[in-house]
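# Here is a sequence together with a model predicted from it:
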Amino acid sequence: MDLILWRHAEAYDAEPGQDDMERALTPKGQKQARRMADWLTSQLPDSCRILVSPALRTLQTVEPLKRKFKIVHDLAPGADLEDVLMAANWPNGREPVLVVGHQPTLGQVAALLLSGQPQDWQIKKANAWWLVQREALDPYSLYLKGVMAPDLIVK
């Protein structure tokens, strides 16, 4: 199973009294999202399921991908890493899954899967980590296929 973890792009800080869920992308974040969406479009199979946090910044991050996606409330800021794995049906899913979410949860998912230990790993804004587990029942078949940052994508 392929699991792609895509952290939302750069967003504005919350204004006083503003709900964290309503934070929008900055112009830099919009550019990051477009670049990463272009790269993902060239890499993702058509069968990829896309799961997105209900936060405005994640919705704006996935928008340039121009694919159908499902909003999953269990992916909202503060989500538990187990909620992410359950939503993605890891490792038993048959199709690739792209999760668009937040720190620290996405970094915790990557750390648990790759090291076997719950740790706070950092996934930078707008970056995507692509993990693959060839056999659902064999954790030793898991590998990191790639990490991509929007500033590495040449247009």
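Perfect, I can see it now.
# What is the lengthiest helix in the chain packed up against?
Using DSSP state H, we find that the single longest helix of the chain is helix 27-43. Helix 27-43 makes packing contacts with strand 2-7, helix 56-62, strand 128-133 when contacts are defined by 3 or more C-beta pairs under 8 Å, 6 or more residues apart in numbering; DSSP states H and E. Backbone N, C-alpha and C define where each C-beta goes, glycine included.
# mind giving me CSV with those and columns for distance to residue 113?
Converted to CSV, those look like this (distance: least, C-beta to C-beta, whole Å):
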stretch, distance to residue 113
strand 2-7, 8
helix 56-62, 20
strand 128-133, 6
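# Which among the ones you listed is found nearest to residue 142?
Nearest to residue 142, of all the helices and strands packed on helix 27-43, is strand 128-133, at 4.3 Å by C-beta to C-beta.
# Who are the packing partners of the closest one?
strand 2-7, helix 27-43, helix 105-115, strand 142-148.
# Low-confidence ranges, the chain, go.
155 (pLDDT under 70).
# ok, now which ones touch residue 26?
Counting by C-beta atoms under 8 Å, 6 or more residues apart in numbering, residue 26 touches 10, 11, 12.
# Next, count neighbours for the first one.
Residue 10: 19 surrounding residues under other C-beta atoms under 10 Å.
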